[in-house]
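Colleague: Just a sequence and a predicted model for now, questions to come.
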Amino acid sequence: MKSDRRIEYCLIVTGPYASESEALHALRDPFIEDWVEEKGHFKIHNLDEMQLTPGVMLGSLGIVEVDEGRFEIASLDAERPLSENKAKGVADALVHQAMFDEIEVEPRGVAEG
């Protein structure tokens with residue numbers, strides 16, 4: 001089953017966000033607020049220290065709008081794509097923060113070209 005480990009997963013989320021920038025803020029803000037409550041301050045490099053689920057840092061995730069109000073969240077690090085288990089862990093963390101209306105875990109589409 002090693003071939004299963006090569007499949008990259010992503011999250012497809014929906015929410016009332018008009019742009020990728022707004023959706024990225026929705027993704028990050030609750031975790032940043034929790035960090036500030038715990039640590040007292042935040043610096044941008046702290047994104048790479050905020051673990052959402054084992055092996056996945058908040059700073060390693062990017063978001064792309066795939067349709068109006070529908071966004072794909074995936075790893076920005078080609079060396080560390082999201083496995084199905086990691087993607088489910090991120091989904092659980094996002095459900096807890098309640099910033100998106102729907103959250104689905106799916107295999108990530110292969111780039112055409």
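Modeller: Looks like it came in fine.

Colleague: Would you mind writing the CA trace of stretch 45-57 as CSV?
Modeller: Output of stretch 45-57 as CSV, limited to C-alpha atoms (Å, rounded to 0.1, in the frame of the first residue of the first chain):
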residue,chain,number,x,y,z
HIS,A,45,7.4,33.3,11.6
ASN,A,46,5.3,31.7,14.4
LEU,A,47,3.0,30.4,11.6
ASP,A,48,5.6,27.7,11.1
GLU,A,49,5.4,26.7,14.8
MET,A,50,1.6,26.4,15.0
GLN,A,51,0.8,22.7,14.7
LEU,A,52,-2.7,22.0,13.5
THR,A,53,-2.3,18.3,13.6
PRO,A,54,0.9,16.2,14.0
GLY,A,55,3.2,17.1,11.1
VAL,A,56,1.2,20.0,9.7
MET,A,57,2.1,23.6,10.6
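
Colleague: Where does the prediction get shaky in the protein?
Modeller: Residues of the chain meeting the criterion pLDDT under 70: 1-5, 110-113.

Colleague: Quick check: closest non-adjacent residue to Lys88.
Modeller: Val105 (5.5 Å; C-beta to C-beta, 6 or more residues apart in numbering). Yep, even glycine has a C-beta here, placed from its N, CA and C like the rest.

Colleague: Check which helix or strand that neighbour maps to.
Modeller: Assigned by DSSP states H and E, Val105 belongs to strand 102-107.
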